[in-house]
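Asks: Pasting the sequence and the predicted coordinates here, then a few questions.
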Amino acid sequence: MYLDFEKPIEELENKIRDLSAIRESKPEVQSEIESLQKQLQEITRSIYERLTPWQTVQVARHPERPTIRDYIANLFTDFLECCGDRAFGDDPAICGGFATFEKFRVMAIGHQKGKTVEDNIRCNFGMARPEGYRKALRLMQLAAKFHLPVLTFIDTSGAFPGQDAEERGQAEAIARNLREMSRLPTPILCVVTGEGGSGGALGIGVGDRILMLGNAVYSVISPEGCASILWRDGSKAPEAAEALKITAPALLKLKVIDEIIPEPPGGAHRHPEGTMIAVRKALRKHLADLKGMSIKKLLNKRYEKYAKLGR
Amino acid sequence: MGWFSWKKKEKKPVEPPSAEELWTSCSACKGMLFKEEWIKAWKVCPICGFHEKLTARERINQLVDQKSFHEFDARITVSDPLKFKDDKGSYAEKAEQTKDKTGLKEAVITGRGKITDIRVVLAVMDFNFLGGSLGSGTGEKIFRAIEYALRHRMPLLIVSASGGARMHEGIISLMQMAKTSAALARLHEAGIPYISLLTNPTTGGVSASYAMLGDLNIAEPGALVGFAGRRVIEQTIKQKLPDEFQTAEYVRDHGFLDMVVPRKELRDTLGRLFRYLQNAKVE
Ligand SMILES: [Zn+2]
C-alpha cells in the first residue's frame, strides 16, 4: 500500500519490478535498473526528509507499520504472554508478558493493533478498554515486585470511546495508571512506536525515559478531532496537525520525549528490519542506564521530569 | 454579581430594577427564577433542582468559612508553548480575551482555607476560563497546591469543572495529567486525605487524572462525569446512549463515585468526611 505522497516511489518501484522481470532475457536492462534504484533511494530520502506533520500522521498509522507483535518477535526471546485484569476480563487491545531482551529479563507491554481485518477487530484496533489498562497495571506491579524493568510500546489512536468502557471506568483506569506508574519502583522505558493518542497512550506512557520513533506522532487530541472542534471542519486535519506540534522533533524540543529513534528513509513500514536494529540499540543503551540507578534516585528523577513539564 | 448592583441602584430614587435584573430563567427547565433567591441558593433551581455552574470564586464562597481563604500563586497564568493558531486567530489573543472576560488568570484558583473549621488546601476549577481546560498553568497551580498539602500535611480538596486537557497547549497539556497524578501519588503515600469533588462537567483528561483519584470521589447531582464525549461514543458504537448516561448518579451506580451530594449539603458533608479522614490518623 502506497500513501498519497509516495506516488513517485510507487512509480519507480513499478518500473524496477517490470524491468527486473525481463532481466533474464534482456541483460542490458541491468544498468537501467541500477540507475533507477539510485533514483528511488534519492526520491525516498527526499520525500521522507520533508514529511509534513499530516504526512507523518499517515506514516504513523500505516497498516504495514510494525506492531507490538513484530517488536516482540524481533527484539525478545522467551516471551510469555500474561492475560487478564483479575477483575473483569482480558483486553486484547493491550498485550503484555515476560520477555528477555539480550541480558535483561523485562516486562513488555504494548497496545496491539492487528494486521488483518479479523485481527484488528479482535484487538479493537489497539483501542483499549479499562480492563486493558488494569491488566497493564497489574503486570507492571508484578514486574516491580520481582525487580524487572518495564518496557512499554505505545501505538493507539486513543482509549476506546464505548459505552461499556465508560461504565467500567475508563477515566479511573487511566488515572490510576498515571498515579501508579509515577511511583512504580522499577525502571520504566516507554517507546512511542506509532500513534500516541492522548490519554489512551499516556495510560501506559509514564516512565523514566520516553523514546519515539522518527515517524511516530504523539498528541493531546487527534488532528481530526482538533480540526472539528477548533476549525469546525474535520477536513482541516492537516492544519491542526501542524498547529498541534505532534512530530518527534517537535516533542524533543518541548522536552516531552528524551530521544528520537531514527527510522530508515521510507519509514518503518518499508524497512521493518532496519527499524528493529535502531530500536534494539536504543533499548540496550537506556535499559543499561536505568538499571544502573538506585530506585530512590530513579523515582526522584521521574518525579522531577514531570514536575518540570509546562513550568 | 447581579443582585449587588441592583441593590446599589435601588438607593437611587429614579430607576426601578429592570425585569432582567430581577428575573432569570433556569437553563434546564426554563422556569422563571427570582435572581436574588436563586443566587442565595447557590444557583440551584428551586423548580427542577438543576445545579447551575458556579464560578471558582462563588464555589470558594460557598464552601470555605468566611475570610479564611488565602490564595496561592495568583500570578501563574497561561503559557503558549506551541505558539498555537487556528483559523480564528492565536491562542495568545484568545487567552487575553478570556482573562479580561473572567478576571481570572488560569482555569483554577488554589489556596488554603477552612471548611467547617477544618484547615484544607483547595484547588477550584472555573469552567468559564476556556472550558475549565487543563493547561500548563492549570497543572502547575494544582501541582503546587498538592505539594503544599504534602509539606504542611493538610487535607486536599480539588473541585473539578472541565472539558479536559487544553488543545491549544498540545502535548504539554496532556503531560499535566501525569504531573498532577505524580504529585497525588506522593500525597497518597504520605497518608494525607484527598477528596475530589466533580462538578458539571468533569470529562476527558481531567476525569482521567486527578478528578478520579480521590480517597473519596464526590459529585453534584446531575453533573456530567465521563471520559469520552457522548457524540464520539454514539458515532463509534452507532447507537443512541441512554439519557442518564454519564450523569453523576449513573457513574455512582457503576461504582466510580462514593456519593452524589446536593449543593446545599456539600459544605457540611465535606466537613464531616474530612473529620473522619483526620480522626483515623490521630487514633
Ligand atoms: Zn430548573
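Replies: Yes, it's here.
Asks: Give me the nearest residue to the closest residue to chain A within chain B, chain neighbours excluded.
Replies: Chain A sits closest to residue B:136 of chain B, with a gap of 2.9 Å, by CB to the nearest CB. The C-beta positions use only the backbone N, C-alpha and C, and glycine is treated the same way. Residue nearest to residue B:136 in three dimensions, not counting chain neighbours: residue A:310, with 2.9 Å by CB to CB, 6 or more residues apart in numbering or on different chains.
Asks: For chain B, which residues are neighbours of the ion?
Replies: Listed as neighbours of the ion in chain B under the rule CB under 5 Å from the ion: B:26, B:28, B:29, B:31, B:45, B:47, B:48, B:50.
Asks: Pull out the buried members of these.
Replies: Buried members of these, counted by 16 or more other CB atoms under 10 Å in any protein chain shown: B:26, B:45, B:50.
Asks: Which of those fall within strands?
Replies: Among these, none falls in strands (DSSP state E).
Asks: Could you dump the residues you listed into CSV with distance to chain A and pLDDT added?
Replies: Converted to CSV, these look like this (distance: CB to the nearest CB, whole Å; pLDDT from 0 to 100):
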residue, distance to chain A, pLDDT
B:26, 28, 97
B:45, 27, 97
B:50, 23, 98
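Asks: Out of these, which comes closest to residue A:213?
Replies: Nearest to residue A:213 among those is residue B:50, at 48.9 Å by CB to CB.
Asks: Okay, now the unreliable bits of the stretch 101-250 of chain B?
Replies: Along the stretch 101-250 of chain B, the model assigns pLDDT under 70 to no residue.
Asks: Pull the number of nearby residues for the residue in it that the ion sits nearest to.
Replies: Of all residues in the stretch 101-250 of chain B, the one sitting closest to the ion is residue B:222 (10.5 Å; CB to the ion). Residue B:222: 18 surrounding residues under other CB atoms under 10 Å in any protein chain shown.
Asks: mind listing what the closest residue to it other than its chain neighbours touches?
Replies: Distances taken as CB to CB, 6+ apart put residue B:247 closest to residue B:222, at 5.7 Å, once the chain neighbours are dropped. For residue B:247, the contacting residues are B:222, B:223, B:224, B:225, by CB atoms under 8 Å, 6 or more residues apart in numbering or on different chains.
Asks: What is the burial count for the third one?
Replies: Using other CB under 10 Å as the criterion, residue B:224 is surrounded by 21 other residues.
Asks: Next one: residue B:246 from residue A:180, what distance?
Replies: To residue A:180, residue B:246 is 25 Å away according to CB to CB, to the nearest Å.
Asks: Give the buried residues for stretch A:295-311.
Replies: For stretch A:295-311, by 16+ other CB under 10 Å, it's A:298, A:299, A:302, A:303, A:305, A:306, A:307, A:309, A:310.
Asks: looking only at pLDDT, what's the mean for it?
Replies: What stretch A:295-311 shows for mean pLDDT is 97.
Asks: Also stretch A:59-69?
Replies: Regarding stretch A:59-69, the rounded mean pLDDT is 97.
Asks: Quote the end-to-end distance of that stretch.
Replies: Taking CA to CA, to the nearest Å as the measure, stretch A:59-69 stretches 18 Å from start to finish.
Asks: Would you tell me whether it gets close to chain B?
Replies: No: using CB under 8 Å from any CB of the partner chain, stretch A:59-69 never reaches chain B; the gap is at least 14.3 Å.
Asks: Can you list the residue ranges for strands in chain B?
Replies: Applying DSSP E to chain B gives strands spanning B:23-25, B:32-34, B:70-72, B:85-86, B:89-90, B:108-115, B:118-125, B:156-162, B:194-202, B:216-219, B:259-260.
Asks: List the residues that contact residue A:279.
Replies: Under the criterion of CB under 8 Å, 6+ apart, the contact list for residue A:279 reads A:71, A:75, A:191, A:193, A:213, A:261.
Asks: one more time with 10 Å, if that's ok
Replies: Listed by CB atoms under 10 Å, 6 or more residues apart in numbering or on different chains, the contact set of residue A:279 reads A:66, A:71, A:74, A:75, A:153, A:191, A:193, A:211, A:213, A:261, A:263, A:268.
Asks: since we're on residue B:40, how many residues are nearby?
Replies: Residue B:40, neighbours per other CB under 10 Å, totals 11.
Asks: Check the one 3 residues further on too.
Replies: For residue B:43, the neighbour count with other CB under 10 Å is 21.
Asks: now swap in residue B:184 and tell me
Replies: When neighbours are defined as other CB under 10 Å, residue B:184 has 29 of them.
Asks: contacting residues for it?
Replies: A:175, A:178-179, A:182-183, B:142-143, B:146, B:149-150, B:156, B:158, B:192, B:194, B:196, B:209-210, B:213-214.
Asks: mind listing what the nearest residue to it once chain neighbours are set aside touches?
Replies: Once flanking residues are discounted, residue B:184 sits nearest to residue B:213: 5.2 Å by CB to CB, 6+ apart. By CB under 10 Å, 6+ apart, the contact list for residue B:213 reads A:171-172, A:175-176, A:178-179, B:158, B:180-181, B:184-185, B:187-188, B:194, B:196.
Asks: I'd like the buried residues of stretch A:295-311 laid out as CSV, including secondary structure.
Replies: Shown next, in CSV, are the buried residues of stretch A:295-311 (DSSP: H, G, I helix; E, B strand; the rest coil):
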residue, secondary structure
A:298, helix
A:299, helix
A:302, helix
A:303, helix
A:305, helix
A:306, helix
A:307, helix
A:309, coil
A:310, coil
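Asks: Quickly name whichever of these is closest to the ion.
Replies: Within the buried residues of stretch A:295-311, proximity to the ion (CB to the ion) peaks at residue A:310, which comes in at 38.9 Å.
Asks: Contacts only, for residue A:299.
Replies: With contacts defined as CB under 10 Å, 6+ apart, the neighbours of residue A:299 are A:182, A:183, A:184, A:185, A:186, A:208, A:293, B:182, B:185, B:186.
Asks: thought the third one was touching residue A:150?
Replies: Yes: taking contacts as CB atoms under 10 Å, residue A:184 lies within contact range of residue A:150: 7.1 Å.
Asks: anything in contact with each of these two?
Replies: Residues touching both residue A:184 and residue A:150 (CB under 10 Å, 6+ apart): A:140, A:141, A:143, A:144, A:207, A:208.
Asks: Okay, buried residues for the helix or strand where the second one lies please.
Replies: Translated: residue A:141. Per DSSP states H and E, residue A:141 falls inside helix A:130-145. Buried residues in helix A:130-145, counted by 16+ other CB under 10 Å: A:130-141, A:143-144.
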